[in-house]
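*Asks:* Sequence and predicted structure, then a few things I'm wondering about:
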Amino acid sequence: MGKSDRENELERLKAILESGTSWPSVYLFKLIIPSDHRIFALVRGLFPDEARIFLRNSESGKYIIITVEELMLSADEVIGRYRKALDIEGVIML
């Protein structure tokens, strides 16, 4: 996904979050990353210790599906977190 496609997707998500969510709210981040310890450590570092993180391996074992449950204060905060995650090579947003 190109950078402009990514930005369009994030803007669509922001509009949905602003129109359908009262803030603060618990948000579920969903990401797919390659099964790589370095990439996992970078993604894990984006979330505070109190965030609930659930991991699942893909059937092939090539990817890790990450779900993070965290109390967020605004749609802008969610989008900012996704931007940081998507700057890490190999991270895909679900």
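*Replies:* Cool, got the structure. Residues are numbered from 1 along each chain as shown.

*Asks:* For Val26, give its distance to Ala51.
*Replies:* 10 Å (CB to CB, to the nearest Å). The way it works is simple: take the backbone N, C-alpha and C, and place the C-beta from them, glycine included.

*Asks:* Quick check: which element contains Lys84?
*Replies:* Using DSSP states H and E, Lys84 sits within helix 75-86.

*Asks:* what are the bridge partners for Phe54, then?
*Replies:* Under the criterion DSSP bridges, Phe54 forms beta bridges with Thr67.

*Asks:* Please look at it and Thr67 and confirm they touch.
*Replies:* Yes. Checked against CB atoms under 8 Å, the pair Phe54 and Thr67 is within contact range at 4.4 Å.

*Asks:* so where's the chain shaky on pLDDT?
*Replies:* 1-3 (pLDDT under 70).

*Asks:* all strands in it, in order from the N-terminus.
*Replies:* 25-34, 52-57, 63-72, 92-93 (DSSP state E).

*Asks:* Most tightly packed of those?
*Replies:* Stretch with highest mean neighbour count among these: strand 63-72 (a mean of 17; mean count of other CB atoms under 10 Å).

*Asks:* residues making contact with that one?
*Replies:* 23-35, 40, 43, 47-48, 50-58, 78, 81, 94 (CB atoms under 8 Å, 6 or more residues apart in numbering).
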